[in-house]
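**Student:** Got a sequence here, can you model it:
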Amino acid sequence: MKKQGLWSLRLSTAALVLIPTAVGINYIGKLFAGLLKLPLWLDSIGTVLASILAGPIVGALSGAINNVIYGLTADPISFIYGITSLAIGLAAGILFYKGWISSWSKAIVAGLMIGLVAAIISTPLNIGFWGGQTGNVWGDALYATVLANTHATWLASFLDEIVVDLPDKLIVVLISFGIFKGLPKNVVQLYNTNNKVENLD
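**Tutor:** Residues are numbered from 1 along each chain as shown. Okay, the predicted model is just below:
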């Protein structure tokens with residue numbers, strides 16, 4: 001399979017179909033987590049899968065569009081975190097291209113790395129708009145404890161975010177990689193992302 005450039009925008013028919021599919025997966029994941037009151041977001045599965053299949057730009061677009069749709073239909077707060085979704089899509093696409101989502105063990109490391117990226121991007125947004133909290137029960141409990149003991153808002157906010165983002169993105173990447181591994185090879189080849197696809201068998 002011919003290796004294409006990392007930043008090539010492959011808006012083929014397959015990619016155009018993938019974007020709304022990825023958005024739908026993200027939307028359902030977020031609704032599922034919200035309805036069950038899970039201490040996770042689960043709103044990036046489609047983003048990561050799109051990044052693996054069609055590259056970081058398509059993944060980033062999928063994530064950002066999901067935030068816009070979710071913001072219009074369910075929770076306006078979602079608009080702001082479109083920036084984080086862009087970063088998640090870019091990070092996932094780059095890591096896959098570099099071979100970091102090519103085995104289960106590497107996918108675990110990649111999930112933690114993407115979680116760290118998400119926490120770094122989201123922390124200033126949390127501080128700017130919500131006083132440092134995330135709205136997640138577990139994370140906000142940690143935020144209150146750290147803030148009460150240290151009076152360090154940035155530290156409390158970062159820990160609030162990362163205690164949710166690390167397990168969330170780890171699970172998201174493992175689910176996405178599992179879906180990718182389960183796809184028929186002819187479907188994967190529609191996207192022709194890079195030659196690392198052939199090394200996954």
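
**Student:** What are the neighbouring residues in contact with residue 121?
**Tutor:** Each residue near residue 121 by Cβ atoms under 8 Å, 6 or more residues apart in numbering is listed here: 83-84, 87. From N, CA and C alone the C-beta is placed, and that goes for glycine too.

**Student:** now, which of the residues you listed sits nearest residue 25?
**Tutor:** Lowest distance from residue 25 to the contacts of residue 121 (Cβ to Cβ) belongs to residue 84, with 17.1 Å.

**Student:** Check which helices and strands the host helix or strand of the closest one sits against.
**Tutor:** For residue 84, the host element (DSSP states H and E) is helix 82-97. Helix 82-97 is packed against helix 45-54, helix 56-73, helix 104-130, helix 153-182, with contacts defined by 3 or more Cβ pairs under 8 Å, 6 or more residues apart in numbering; DSSP states H and E.

**Student:** avg pLDDT for the third one?
**Tutor:** Averaging pLDDT along helix 104-130 gives 97.

**Student:** The shortest one now?
**Tutor:** Computed over helix 45-54, the mean pLDDT rounds to 96.

**Student:** Can you show me the CA trace of that helix as CSV?
**Tutor:** The C-alpha atoms that make up helix 45-54 are tabulated as CSV, following Å, rounded to 0.1, in the frame of the first residue of the first chain:
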residue,chain,number,x,y,z
ILE,A,45,-14.3,7.0,19.9
GLY,A,46,-15.4,8.1,16.5
THR,A,47,-12.7,10.8,16.4
VAL,A,48,-9.9,8.4,17.1
LEU,A,49,-11.3,5.8,14.7
ALA,A,50,-11.5,8.4,11.9
SER,A,51,-7.9,9.5,12.7
ILE,A,52,-6.7,5.9,12.4
LEU,A,53,-8.5,5.3,9.2
ALA,A,54,-8.3,8.6,7.3
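
**Student:** chain center to that helix: distance?
**Tutor:** Average the C-alpha atoms of helix 45-54, do the same for its chain, and the two points are 9 Å apart (Cα atoms, centre = their mean, to the nearest Å).

**Student:** how far off helix 56-73 does the helix holding residue 84 point, in degrees?
**Tutor:** With axes from the mean of the first three to the mean of the last three Cα atoms, to 10 degrees as the basis, helix 82-97 and helix 56-73 are set at 150 degrees to each other.

**Student:** Pick out the residue nearest the middle of this protein.
**Tutor:** residue 44 (3.7 Å; Cα atoms, centre = their mean).

**Student:** ok, that one - contacts?
**Tutor:** 26, 29, 63, 85, 88, 118, 168-169, 172.
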